[in-house]
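Colleague: A predicted structure for the sequence below; I have some questions about it.
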Amino acid sequence: MSCGNNSLLERLLDCEREVENLENDLEIWTDALEEFPEIEKAFEVNDGTGLGGKTILDVGTDAVKPLLIALKLKPSKIIGINEELRQFTSDIEQRSKLLTKTKIRLYNCSLFNKETFDKILEQEKIRGKFGFILVSKTLHHLRTKECIEEHECREDEECCKYGFDGQYIFEKLLSLGNRVIVYETFCPQEEDDDKVRGRGEYFTTKEWKDIFKYLSKKYRVEFIEPQKLHLTKEKMKELDSILRQVDHICFYVEEKHSANVRV
Ligand SMILES: C[S@@+](CC[C@H](N)C(=O)[O-])C[C@H]1O[C@@H](n2cnc3c(N)ncnc32)[C@H](O)[C@@H]1O
Ligand SMILES: [Zn+2]
């Protein structure tokens with residue numbers, strides 16, 4: 001009897017998990033549609049050639065943004081990597097072939113797994129840099145330093161928050177692509193529900209300021225959202241008020257003397 005009740009309970013819990021997963025999948029589609037218009041602006045290049053022939057790497061891909069980018073901007077290839085691709089993504093990879101000439105290729109791979117990543121580049125015949133790297137709602141997951149919380153770290157590291165090494169991450173991203181496009185939600189007071197150990201948690205205002213101080217010194221930084229703005233030392237003073245206005249930002253970073261994306 002108790003065994004029967006247990007299995008009923010297990011089935012109910014399974015159903016609940018399935019509904020939750022479906023809700024999450026749906027949210028990924030609706031969020032992507034909402035976020036795409038801003039991200040699209042960050043792909044604009046001033047040589048008027050559009051994205052024909054260009055390549056994109058989507059780090060932490062949701063697969064939906066690559067589809068929207070393919071349909072609207074028509075680059076030649078988009079490679080999406082994620083530590084944990086969701087199930088529906090393989091359908092997008094397969095069925096997108098009916099809708100677009102852009103090749104969409106999705107892989108289970110971490111940005112930090114050099115061996116697998118290099119194999120992907122070889123398989124996809126990516127020889128030089130990507131034209132663009134998209135890092136959408138994923139930058140705060142790329143925390144590689146030690147825990148910065150003032151506490152004794154627990155074995156499961158659930159309450160930990162690793163430090164973010166802006167120099168290491170942006171040097172890495174800019175070694176892979178000519179323009180790094182970042183879209184990030186900015187809600188430090190909210191919980192980050194897909195944090196893995198200490199990798200995750202939204203950036204604080206202080207962390208953003210450190211990131212932009214470093215970036216503006218070394219690179220060309222262009223804000224798209226909340227307003228178009230070329231980040232200079234002078235404009236750094238406005239950063240506080242900019243960050244106070246919004247719950248997300250979108251900007252791109254290039255080498256100072258980038259020839260603006262010829263791939
Ligand atoms: C908040 S989701 C954002 C998904 C999507 N880019 C979007 O715009 O909705 C962050 C994603 O980054 C992935 N991720 C985290 N660390 C990663 C890493 N080192 N390499 C690749 N993907 C990573 C996670 O698996 C997760 O799917
Ligand atoms: Zn800790």
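Modeller: On my side now, so go ahead. Ligands and ions are numbered 1, 2, ... in the order given.

Colleague: contacts and neighbour counts: CA atoms only from here.
Modeller: OK.

Colleague: pLDDT at residue 262, what is it?
Modeller: Per-residue confidence (pLDDT) for residue 262: 41.

Colleague: What is the least confident helix or strand in the protein?
Modeller: helix 239-245 (a mean of 86; mean pLDDT, DSSP states H and E).

Colleague: Contact residues of this structure facing ligand 2?
Modeller: With C-alpha under 5 Å from the ion as the criterion, the chain meets ligand 2 at residues 147, 153, 160.

Colleague: Apart from its neighbours in sequence, what residue is nearest the last one?
Modeller: To tie it back to what came earlier, the one meant is residue 160. Of all residues not flanking residue 160 in the chain, residue 198 sits nearest, at 4.6 Å (C-alpha to C-alpha, 6 or more residues apart in numbering).

Colleague: And the first one, by the same measure?
Modeller: Counting by C-alpha to C-alpha, 6+ apart, residue 147 lies nearest to residue 162, which is 4.0 Å off, once chain neighbours are set aside.

Colleague: Would you confirm that that neighbour contacts residue 196?
Modeller: No: counting by C-alpha atoms under 8 Å, residue 162 does not reach residue 196; the two are 10.4 Å apart.

Colleague: who has more neighbours, these two?
Modeller: residue 162 (21 against 15; other C-alpha atoms under 10 Å).

Colleague: Show the backbone phi and psi for that one.
Modeller: Per-residue torsions, residue 162: phi -80, psi 160 (degrees, to the nearest 10).

Colleague: And for residue 251?
Modeller: Note on residue 251: its backbone torsions stand at phi -150, psi 170 [degrees, to the nearest 10].

Colleague: likewise residue 130?
Modeller: The phi/psi pair for residue 130 (degrees, to the nearest 10) is phi -70, psi 150.

Colleague: For residue 130, give the beta-bridge partners.
Modeller: residue 177 (DSSP bridges).

Colleague: sorry, that was for residue 181
Modeller: Applying DSSP bridges, one finds that residue 181 bridges with residue 134, residue 252.

Colleague: Look up how far ligand 1 lies from it.
Modeller: Per C-alpha to the nearest ligand atom, to the nearest Å, residue 181 is found 11 Å from ligand 1.

Colleague: need the residues of this structure near ligand 1, please.
Modeller: When proximity is defined as C-alpha under 6 Å from any ligand atom, the chain approaches ligand 1 at 59-62, 81-84, 109-112, 136-138, 141-142.
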